[in-house]
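Peer 1: Next input, structure requested:
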Amino acid sequence: MAKSRDIENASSDLNNNLERDFNDFIRSALLELSSEFSSDGGDPVSPIDTGFFVSSWIASTQRPRPNQDRMDFAPWKDIEPTRKGEKSPQAEVNPRFINDIKFNFKPFSKVFIGNRSEYAARALASPRSQIPRFVQNDLKDLVNAIFTDKKPQIAVATKPFKGGTISPTGTKGIGQFADPDRTFVDYTNL
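Peer 2: Below is the predicted model of the structure:
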């Protein structure tokens, strides 16, 4: 008879899943805003001139203040902006805050995603800014992809190997996989 899990664990499991999904959502949104390339293959979400604006996205429980001047930070202080609505040849996209965020936000708490560059309002209003489209359309798709109870199981099948031999990943079959009369497919989970 199969052993069932206690129903008391359901609440903590749901809370843990919701917290993980919430933090995955925030991380994914930040990565999309901070990327030089759009995930759909189109224009980047954030406009890029010197790269400072696209590199200055942050998530916090406090409202981020747009008070950081590009001229105070290397390498952006040495990059000449084009001011023509196009990317400077020396543009540097290097997200400054993503690695410092702990991503331990609790569900139902206020989390602000904002930009620290002092010219954030002008960059948001830029004709090259895809941020309004991202907020109105793409965030909904991101929510639907992340907040689901059916997570995709992704595995890559490599070439088949005979039991009892060394697999393509370098492991020797044990237990049922040690049978030299059977052929198995090696899967690598992603």
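Peer 1: tell me the helices in this protein, going along the chain?
Peer 2: Taking DSSP state H to define them, one finds helices in the chain at 9-33, 120-124, 131-133, 139-146.
Peer 1: Q68 is nearest to which of those helices?
Peer 2: With C-beta to C-beta, the closest approach to Q68 among these belongs to helix 120-124: 9.4 Å. In short, each C-beta sits where N, CA and C put it, glycine included.
Peer 1: Residues touching the closest one, excluding its own?
Peer 2: Contacting residues not belonging to helix 120-124 are listed as 46-47, 53, 56, 66, 114-115, 117, 129, 131 [C-beta atoms under 8 Å, 6 or more residues apart in numbering].
Peer 1: how about these, which pair is most distant?
Peer 2: Longest span within those, C-beta to C-beta: P47 and G114, 15.8 Å.
Peer 1: quick one: which of these two has more around it?
Peer 2: P47 (21 against 16; other C-beta atoms under 10 Å).
Peer 1: Leaving out sequence neighbours, find the closest residue to that one.
Peer 2: R128 (4.0 Å; C-beta to C-beta, 6 or more residues apart in numbering).
Peer 1: could you list every residue that touches the one you found?
Peer 2: 43, 47-48, 85.
Peer 1: go on, D43?
Peer 2: The contact partners of D43, by C-beta under 8 Å, 6+ apart, come to 128, 130.
Peer 1: cool, and R96?
Peer 2: Counting by C-beta under 8 Å, 6+ apart, R96 has contacts 55-56, 73, 116.
Peer 1: how far away is the residue of the chain most remote from its centre from G41?
Peer 2: Distance from the centre of the chain peaks at D181, with 43.9 Å (C-alpha atoms, centre = their mean). Taking C-beta to C-beta, to the nearest Å as the measure, D181 and G41 are separated by 47 Å.
Peer 1: Also R128?
Peer 2: Look at R128 and G41: by C-beta to C-beta, they are 16 Å apart.
Peer 1: Geometric centre of the protein: which residue is closest?
Peer 2: Judging by C-alpha atoms, centre = their mean, the chain has its centre closest to S28, at 3.1 Å.
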